[in-house]
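In: what follows is a protein structure lacking sequence information:
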């Protein structure tokens with residue numbers, strides 16, 4: 001579903017990504033972890049085309065998105081992204097936030113878009129908030145709406161960039177539960193998170209980045225129980241203890 005080959009990204013003289021190779025299969029859940037500033041969020045933004053790569057190739061479902069002629073409207077319908085900040089339109093109701101892109105971008109009828117939106121609101125446990133405005137919702141509720149809004153485009157891949165880091169601890173679980181359900185249903189996902197318990201429960205593969213490079217990767221049971229690289233051991237020792 002996603003293939004990254006020798007990905008480099010430089011901002012001015014700062015090398016943020018340094019030769020990343022990664023292949024993600026359809027239905028696979030990849031969790032990216034590592035110290036702050038290691039390039040995790042930049043990597044997601046390159047996959048979604050929000051940042052251009054300095055060197056290397058990225059393919060999504062066989063399409064080279066680093067080529068010169070890329071239909072970004074088509075690509076962004078394949079790849080949904082949820083950010084740390086919810087980015088909901090404050091002047092629109094929850095329902096109107098969900099139907100906006102399907103109607104404007106995918107040219108669905110309003111009836112079709114509403115049917116999809118209502119089913120997604122039920123899926124994230126917020127059917128009763130369809131007529132509420134974002135300011136009337138908790139942070140956890142807004143983040144669940146942001147996930148539903150991305151899913152309304154029926155993407156093939158979902159990217160999550162530290163979506164719980166701005167939430168109070170008691171609100172984190174309700175968002176992670178939605179993401180766990182998506183993982184169980186076979187959604188291809190790339191997730192940047194500091195929630196190690198979630199990584200253990202949801203990931204097919206955990207990928208550790210440091211200095212803009214992949215240092216170690218593996219299934220969670222091996223990654224957390226028997227890490228090989230000293231940098232990984234030190235990181236896990238800090239975050240788990």
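Out: Arrived safely. The structure displayed is predicted, hence computed values, not measured ones.
In: quick one, helices of the chain?
Out: Per DSSP state H, the chain carries helices over the ranges 40-47, 72-78, 94-104, 110-123, 139-151, 169-184, 196-202, 220-225, 230-240.
In: and those helices as CSV, adding mean neighbour count and mean pLDDT?
Out: For every residue, glycine as well, the C-beta is placed using N, CA and C. What follows is the helices of the chain, written out as CSV (neighbours: other C-beta atoms under 10 Å; pLDDT from 0 to 100):
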stretch, mean neighbour count, mean pLDDT
helix 40-47, 23, 94
helix 72-78, 14, 82
helix 94-104, 20, 96
helix 110-123, 16, 96
helix 139-151, 23, 94
helix 169-184, 17, 90
helix 196-202, 17, 91
helix 220-225, 15, 94
helix 230-240, 13, 92
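In: indicate which one of those helices is closest to residue 66.
Out: helix 40-47 (8.8 Å; C-beta to C-beta).
In: rewinding a little: quick check: which of the helices of the chain is nearest to residue 1?
Out: helix 72-78 (9.2 Å).
In: who's in contact with that closest one?
Out: Contact with helix 72-78 is made by 48-49, 60-61, 63, 65, 105-106, 153-157, as judged by C-beta atoms under 8 Å, 6 or more residues apart in numbering.
In: okay, the helices of the chain in CSV with distance to residue 161 next?
Out: Listed next are the helices of the chain as CSV, based on distance: least, C-beta to C-beta, whole Å:
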stretch, distance to residue 161
helix 40-47, 5
helix 72-78, 15
helix 94-104, 19
helix 110-123, 20
helix 139-151, 11
helix 169-184, 12
helix 196-202, 14
helix 220-225, 20
helix 230-240, 18
